[in-house]
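Engineer: pasting the sequence and the predicted model now:
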Amino acid sequence: MIDFDEEIARFQPSLEVEEIEDAIVKADLTDMTDIMIQMMKGLKEE
Amino acid sequence: MDYMKRNRQIANSLYNLGLEKAKLRDLTGAISCLKKSLRFDKYQMDARNLLGLVFYEMGETAHALTQWVISMNLKPTDNLADSYLEEIQRKPGQLEQESQMLKTYNQALWQIQNDNEDLAVFQLTKVVDANPRFVKAHILLALIYMSNEDYVKAGKYLYRVLQVDKNNPKAQRYMSIVKQNTGREEVEKKKLKNAFSHRQMEDDDIIVPPEYKENTRWGSILNIIAGFIIGMLVIFFLVMPANSKSLNTAHNQELIQYSQKINDLNQQLTTKTEEYDSLKIQSDQMTEELSTIDAAHQAQLQQYQTVIQLIQAYQGEDLMTTVQLYTTLDISLISDQSVLDIVNAITQEMTTNGYQALEELGTSAWNGGNLEQAVAYYEKSLEIKPDNPGVMYLLGRVYQQMENEEQASLWFGKLIEEYPDSRQAGQARTAMGGA
């Protein structure tokens, strides 16, 4: 059986249209290439 | 750089996998692949645009818009996201409606987390009716029904979710619980078992066609009877209820019409009754007026008769009768001028001689023992000739004899006051003193 309260607590509010701008600003767009470039820079500096 | 190329290749592979999953309606799996693809190459526009499309398909409009806007920022020209954004903004009111739905879902979630289940169900039902693809709303609604042990309804909403997103893990997990509680699981297991219980045919196997049997006479009769019974049952259970319902509806309609007619007639009756009452009141008033007029006419007629008798008596020089009739005459009821002239002439005569006749009549009545009549004559005599102390004295005396001391004192007093030096005043004083 499922625990109703536990299940309900897992539900998160859906992103609203008014919050899109904030979501875009906070979006983490870092990809693997960015990480690797960062790592390469770090290695060169060392 | 080689690693950049490698990253793009991995991103492309993940995008292809995500696309395959999206085509198979495994939207949750597609989201996972596409997000991973973007982790390897954020410029993989197809993956980002498809991710937005998948979000939009699941009812997550805000997430979809976010991805498409980012996509447009990263690649402003020749981008499919542009057409998606244009499509959403093209229809007036669509974005507002979808925004409102997201808000309602969030409100419903807040309500359910604060133990206001009924309102949450109401809001979620509205949301899923407006957007049958909103996966999260369906799942939440199904969960509420499951908590109320209404597994059939919960199953209905979960089924809708799995139509949109076949491998949604939450929906699948809930659906398995629903199936356990509705007995559906057992049915499916049996079906699955039967599907794999058939053995493969071998070359030596022979398919024997089913034998055709000629119907015997008894068999035919039994078939006809069975057909008849089935027909009767169909009529009884299917046709009759439909007919009864139709008849009931028709009767109800008739009943409503009759009720309306009765209401109308009642209203008419009330109006007529009111009219009748009003007319009756008028009629009563008229009858009363008529009675009054009739009575007046009767009195008038009586006076005219008296006048005729009076004239006859006057012409016959029967003064006593004339005086007697004159006392009963009411001149105010006579309107005819010629009759009034005659009556005025008689009144003149009465003023001259009538008062004496009345005095005599009064005395005669007194002597006859009729005291009341005597009073009437004396008073009439005084009406014709008020300055007659002799009659005033006699009247006082009669009252005295009638033991009406008040009236007697009144008349004696009047006599003494008005004619103090007259003989009758002296007699009155004596009479009063004697009394």
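Structural biologist: Cool, got the structure.

Engineer: B:Asp203: what secondary structure?
Structural biologist: Under the three-state scheme (DSSP: H, G, I helix; E, B strand; the rest coil), the conformation of B:Asp203 reads as coil.

Engineer: what number of residues lie near it?
Structural biologist: A count of nearby residues for B:Asp203, using other Cβ atoms under 10 Å in any protein chain shown, gives 4. Using the backbone N, CA and C atoms, a C-beta is placed for each residue, glycine as well.

Engineer: then A:Asp28?
Structural biologist: Counted with other Cβ under 10 Å, the neighbours of A:Asp28 add up to 7.

Engineer: need the residues of the stretch 1-150 of chain B near chain A, please.
Structural biologist: Proximity of the stretch 1-150 of chain B to chain A is confined to B:3-4, B:7, B:10-11, B:38-43, B:60-63, B:65-66, B:69-70, B:73, B:95, B:98-99, B:102-103, B:105-106, B:109-110, B:112-113, B:136, B:140, B:143, B:146-147 under the rule Cβ under 8 Å from any Cβ of the partner chain.

Engineer: residue boundaries of the helices in the stretch 51-200 of chain B?
Structural biologist: B:61-74, B:80-90, B:94-113, B:117-130, B:135-147, B:151-164, B:169-182, B:184-197 (DSSP state H, counting those that start in this stretch).

Engineer: ok, and what's touching the second one?
Structural biologist: So that's helix B:80-90. Counting by Cβ atoms under 8 Å, 6 or more residues apart in numbering or on different chains, the neighbours of helix B:80-90 from elsewhere in the structure are B:45-46, B:48-49, B:52-53, B:56, B:61, B:64-65, B:67-69, B:71-72, B:94-95.

Engineer: residues from chain A in reach of chain B?
Structural biologist: Taking Cβ under 8 Å from any Cβ as the criterion, the contact residues of chain A with chain B come out as A:1-2, A:4, A:7-9, A:11, A:13-20, A:23-24, A:27, A:29-34, A:36.

Engineer: could you point out the longest helix of chain B?
Structural biologist: helix B:240-315 (DSSP state H).

Engineer: domains for chain B, by residue range?
Structural biologist: B:2-90, B:97-193, B:333-434 (automatic domain parsing).

Engineer: regarding chain A, what is its longest helix?
Structural biologist: helix A:32-45.

Engineer: what mean pLDDT does that helix get?
Structural biologist: Throughout helix A:32-45, pLDDT has a mean value of 89.

Engineer: what helices or strands is it leaning on?
Structural biologist: Using 3 or more Cβ pairs under 8 Å, 6 or more residues apart in numbering or on different chains; DSSP states H and E as the contact criterion, the secondary-structure elements in contact with helix A:32-45 are helix B:2-23, helix B:27-40.

Engineer: the inter-axis angle of the shortest one versus helix B:169-182?
Structural biologist: If I follow you right, that is helix B:27-40. Helix B:27-40 and helix B:169-182 are oriented at 160 degrees to each other (axes from the mean of the first three to the mean of the last three Cα atoms, to 10 degrees).
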